[in-house]
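[1] Sharing a model prediction with you, sequence too.
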Amino acid sequence: MSKYLFEVSWEVANKVGGIYTVLSSKAKYIKEKYGNDYFLIGPYLGAKTENEFHFLQPPSLFGEIISSLQSKGVMVYYGEWLIEGRPQVFLIDFQKYLSEVNYLKYELWVKFGIDSLRTGDDYNYPLAWSRAVSDFFEELTKREEFKNSLVHFHEWLSGFALLFSLNFPLIKIFMTHATVLGRSLAESNINFWEKLTTLDPLNLAYQYQIEAKHLVEKNSAEKADYFVTVSSVVKDEAEAFLKRKVDFLLPNGFDLSRFPTFEEISSQHRKNKQAILEFLLYFFSPYYKYSCPVKNSFIFFTSGRKEIRNKGFDVLLKALGLLNKKLKSENSEKNIFFFIFVPDEIKDVNHEVLNNLMVYRGLEEYLNNLKNEIDARLLHAVIHQKFQVETDDLFSKEEILEIQRILNQIKKSDRAPLSTHLLPENNDFVRILTNEGLLNREEDKVKVILYPVYLHSADGFLNLNYYDAINGCHLGVFPSYYEPWGYTPLETLAAGVMAITSDLTGFANYLEEKRLLKRDYPGLWILKRKNRRDEEVIQDLADLMLRIIKMERIERIQNKYEARVLASHFNWEEMIKNYLELYNTIFKKNK
């Protein structure tokens with residue numbers, strides 16, 4: 001029996017979605033167990049992957065294999081993935097097979113009945129890459145020490161590689177993190193959960209023009225030695241749509257060490273919240289007659305891929321519109337600033353916003369330079385019992401002129417912006433926000449900020465990375481309609497922030513199965529969405545957010561604490577045991 005373990009995924013050193021998070025966060029724990037016998041395999045995508053990859057000379061064990069592939073026109077790069085643990089990685093170039101995709105499609109049609117007439121590059125690229133990966137396994141298994149290696153294939157994108165490698169002496173695990181058909185039905189607002197046993201999967205796949213991907217996924221599940229998935233939610237749909245029983249559940253974990261400790265959460269929250277409040281003040285103040293009311297305010301957010309229906313963004317924005325009306329009708333003093341951290345198509349940065357941010361930051365720097373002098377002048381005024389201090393008491397005429405000169409650089413349109421960036425016409429978020437009357441008017445109690453780029457510490461706007469940004473918020477809202485697991489609410493809890501998710505997520509399902517939620521201070525609220533009308537969900541979500549806004553401070557603190565406690569149950573140090581149990585069971589069985 002071989003001792004080697006390989007993981008194959010299109011998302012190795014290639015940030016696309018949640019599988020990247022799974023692989024990159026658990027790799028160090030797998031490496032701790034299997035050491036130099038553990039390898040990942042991903043696509044070589046030039047500069048995109050080189051930023052995450054450190055090229056190295058391959059171990060002598062692989063030198064001949066790589067040379068042999070190179071002589072056949074398949075380039076294989078060996079190195080380390082630049083993540084914690086620095087696991088060994090092979091990135092495989094697939095240019096050779098891009099010109100042969102039609103032949104590869106024909107081969108899959110003949111052998112497996114996979115109809116791929118209606119496919120594009122999102123199918124062709126992983127197909128060509130997978131064929132190159134199978135070349136790698138063919139060369140690998142010519143050597144006795146690699147026969148019966150354990151290979152873990154993730155998703156349909158690597159399922160081709162499994163199918164092309166069926167005749168090689170490998171033990172094959174196929175893992176679906178979400179079914180192609182389930183995702184498509186949810187995007188089309190089809191409530192399939194009640195009808196799982198009566199649906200015709202293949203007919204539906206053709207109806208939604210995803211037959212090729214569905215058939216790759218179905219054949220991969222059928223031909224694999226072991227079929228696994230991430231949650232009970234996916235298990236039910238996978239068994240119904242792919243017609244094979246799931247052998248093992250591998251729920252997702254995450255690396256808790258990347259988040260603040262219990263002791264650090266409060267101080268980091270204050271620091272990051274202050275940075276966000278300053279941004280909000282700079283963002284909105286030029287457009288309002290009175291100062292932007294950042295005091296007595298709450299900062300909420302959502303995040304994820306731009307899947308309007310599946311991520312529940314449609315329901316969320318409508319609930320925010322309803323919440324805005326409720327707060328207005330109550331003449332509430334509370335204000336909600338809601339960030340949408342969702343990467344999206346952009347035309348350019350919003351230069352007006354960026355200019356104003358730079359102006360305010362320039363003013364802040366100027367005042368900081370005068371701070372000692374201003375403090376002395378203020379002290380002088382107090383000593384002389386002058387308690388109604390005028391501007392002239394604190395600033396010289398030259399300083400007032402300089403401040404006015406700086407402020408004159410501010411630019412403003414007729415109304416406050418919705419986004420840090422200029423967005424294409426008919427942007428989905430803008431359209432829904434407009435329909436719901438969320439236009440960031442001065443009188444609106446809910447103001448929304450679209451942030452359509454990945455957060456990082458030098459992005460020019462918030463200048464915070466994602467985890468620091470969410471740590472500075474009060475609540476994360478994720479009312480997903482289709483979410484096989486749900487990393488975003490889990491990461492939110494780990495940051496010591498309250499969260500809302502829905503009962504259609506694998507994460508929520510796991511919490512309920514394990515009975516981890518406390519009744520009084522849950523830290524996380526599970527919104528009921530399954531088999532319910534959107535109108536009911538919107539009302540419930542608006543009411544829930546309103547209830548959280550009205551909590552006493554001590555209640556929020558207790559919920560923040562429980563949020564972090566909940567997250568601790570999902571540390572990879574604990575959750576990795578599911579993977580190791582599966583791998584050890586297979587290794588023992590095949591000795």
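    The structure has been received and is ready for your questions. Numbers count the residues shown, from 1 in each chain.
[2] all strands of the stretch 201-350 of the chain, in order?
    Remark: strands assigned in the stretch 201-350 of the chain by DSSP state E, counting those that start in this stretch are 226-229, 248-249, 297-303, 335-341, 348-349.
[3] need those in a markdown table with mean neighbour count, mean pLDDT and distance to residue 507, can you?
    From N, CA and C alone the C-beta is placed, and that goes for glycine too. Formatted as a markdown table, those follow (neighbours: other CB atoms under 10 Å; pLDDT from 0 to 100; distance: least, CB to CB, whole Å):
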| stretch | mean neighbour count | mean pLDDT | distance to residue 507 |
| --- | --- | --- | --- |
| strand 226-229 | 23 | 98 | 14 |
| strand 248-249 | 16 | 96 | 13 |
| strand 297-303 | 22 | 96 | 14 |
| strand 335-341 | 23 | 96 | 18 |
| strand 348-349 | 13 | 94 | 34 |
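[4] do you know which of these lies nearest residue 163?
    Evaluated over the strands of the stretch 201-350 of the chain, closeness to residue 163 peaks at strand 226-229, with 13.9 Å, by CB to CB.
[5] Looks to me like residue 34 is in a strand.
    No - under DSSP: H, G, I helix; E, B strand; the rest coil, residue 34 falls outside any strand and is assigned helix.
[6] Would you confirm that it contacts residue 6?
    No - between residue 34 and residue 6 there is no contact under CB atoms under 8 Å: 10.3 Å.
[7] Between these two, which is the more surrounded one?
    residue 6 (23 against 17; other CB atoms under 10 Å).
[8] Send me the one helix or strand the more buried one maps to as CSV with only the CA atoms.
    According to DSSP states H and E, residue 6 maps onto strand 5-8. The C-alpha coordinates for strand 5-8 follow below in CSV (Å, rounded to 0.1, in the frame of the first residue of the first chain):
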residue,chain,number,x,y,z
LEU,A,5,-1.7,11.4,-0.4
PHE,A,6,-2.6,13.8,-3.2
GLU,A,7,-5.4,16.4,-3.3
VAL,A,8,-6.5,17.7,-6.7
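[9] any idea how far it is from the chain center?
    Averaging C-alpha positions (CA atoms, centre = their mean, to the nearest Å) puts strand 5-8 23 Å from its chain's average.
[10] partners of that strand, with directions?
    Using DSSP bridges, strand 5-8 pairs in its sheet with strand 38-43 (parallel), strand 149-154 (parallel).
[11] Point to the helix or strand of this protein where mean pLDDT is at its lowest.
    Lowest on mean pLDDT, DSSP states H and E among the helices and strands of the chain sits helix 391-394, with a mean of 68.
[12] still on that earlier bit, just put the strands paired with strand 5-8 in TSV and tack on mean pLDDT, distance to residue 80 and mean neighbour count.
    Below are the strands paired with strand 5-8 laid out as TSV (pLDDT from 0 to 100; distance: least, CB to CB, whole Å; neighbours: other CB atoms under 10 Å):
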stretch	mean pLDDT	distance to residue 80	mean neighbour count
strand 38-43	98	10	24
strand 149-154	97	19	25
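[13] For the stretch 351-500 of the chain, just list every one of the helices.
    351-369, 371-383, 391-394, 397-407, 428-435, 466-471, 487-494 (DSSP state H, counting those that start in this stretch).
[14] Pull the residues that contact the fifth one.
    What that stands for is helix 428-435. Residues outside helix 428-435 that contact it (CB atoms under 8 Å, 6 or more residues apart in numbering) are 306, 308, 313-314, 317-318, 321, 340, 342, 344, 418-419, 423, 439, 448, 450.
[15] Residue 345 - how many residues pack around it?
    Residue 345 has 10 nearby residues by other CB under 10 Å.
[16] Please read the previous query as pertaining to residue 572.
    Residue 572, neighbours per other CB under 10 Å, totals 21.
[17] Same question for residue 442.
    A total of 14 residues lie near residue 442 under the criterion other CB under 10 Å.
[18] Chain neighbours aside, what residue packs nearest to it?
    Nearest non-adjacent residue to residue 442, counting by CB to CB, 6 or more residues apart in numbering: residue 288, 4.7 Å away.
[19] residue closest to the middle of the protein?
    residue 304 (4.5 Å; CA atoms, centre = their mean).
[20] Look up how far residue 313 lies from that residue.
    Distance from residue 304 to residue 313, counting by CB to CB, to the nearest Å: 8 Å.
[21] shared neighbours, the two?
    Counting by CB under 8 Å, 6+ apart, the residues touching both residue 304 and residue 313 are residue 342.
[22] Go ahead and name everything in contact with stretch 44-59.
    By CB under 8 Å, 6+ apart, stretch 44-59 touches 13-15, 36, 42-43, 66, 75, 77-83, 86, 89, 91-94.
[23] In strands, which of the residues you listed fall?
    42-43, 77-81, 89, 91-92 (DSSP state E).
[24] Let's have those residues in JSON lines, adding distance to residue 552.
    Output for the ones in strands among the contacts of stretch 44-59, formatted as JSON lines (distance: CB to CB, whole Å):
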{"residue": "42", "distance to residue 552": "49"}
{"residue": "43", "distance to residue 552": "52"}
{"residue": "77", "distance to residue 552": "57"}
{"residue": "78", "distance to residue 552": "57"}
{"residue": "79", "distance to residue 552": "53"}
{"residue": "80", "distance to residue 552": "50"}
{"residue": "81", "distance to residue 552": "46"}
{"residue": "89", "distance to residue 552": "50"}
{"residue": "91", "distance to residue 552": "53"}
{"residue": "92", "distance to residue 552": "57"}
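[25] could I get the longest helix along the chain in PDB with only the CA atoms?
    Longest among the helix segments of the chain by residue count, using DSSP state H, is helix 262-284. This file holds the C-alpha atoms of helix 262-284, laid out as PDB (Å, rounded to 0.1, in the frame of the first residue of the first chain):
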ATOM      1  CA  PHE A 262     -10.900  36.200  23.400                       C
ATOM      2  CA  GLU A 263      -8.600  38.700  25.100                       C
ATOM      3  CA  GLU A 264      -7.800  40.600  21.900                       C
ATOM      4  CA  ILE A 265     -11.300  40.800  20.500                       C
ATOM      5  CA  SER A 266     -12.500  43.900  22.400                       C
ATOM      6  CA  SER A 267      -9.400  46.000  21.800                       C
ATOM      7  CA  GLN A 268      -9.200  45.100  18.200                       C
ATOM      8  CA  HIS A 269     -12.900  45.800  17.700                       C
ATOM      9  CA  ARG A 270     -12.500  49.300  19.100                       C
ATOM     10  CA  LYS A 271      -9.500  50.000  16.900                       C
ATOM     11  CA  ASN A 272     -11.100  48.600  13.700                       C
ATOM     12  CA  LYS A 273     -14.500  50.200  14.400                       C
ATOM     13  CA  GLN A 274     -12.800  53.600  14.800                       C
ATOM     14  CA  ALA A 275     -11.200  53.200  11.400                       C
ATOM     15  CA  ILE A 276     -14.600  52.300   9.900                       C
ATOM     16  CA  LEU A 277     -16.400  55.200  11.600                       C
ATOM     17  CA  GLU A 278     -13.700  57.600  10.300                       C
ATOM     18  CA  PHE A 279     -14.200  56.200   6.800                       C
ATOM     19  CA  LEU A 280     -18.000  56.700   7.100                       C
ATOM     20  CA  LEU A 281     -17.600  60.200   8.300                       C
ATOM     21  CA  TYR A 282     -15.300  61.000   5.300                       C
ATOM     22  CA  PHE A 283     -17.600  59.100   2.900                       C
ATOM     23  CA  PHE A 284     -20.900  60.800   3.800                       C
END
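[26] Please name every helix or strand in contact with that helix.
    strand 297-303, helix 351-369, strand 446-450, helix 466-471, helix 553-568 (3 or more CB pairs under 8 Å, 6 or more residues apart in numbering; DSSP states H and E).
[27] Deepest-packed of those, please.
    Stretch with highest mean neighbour count among the helices and strands packed on helix 262-284: strand 446-450 (a mean of 24; mean count of other CB atoms under 10 Å).
[28] what residues does that one touch?
    280, 283-284, 317, 320-321, 323-324, 327, 335-340, 342, 344, 416, 418-421, 423, 429-430, 433, 438, 440.
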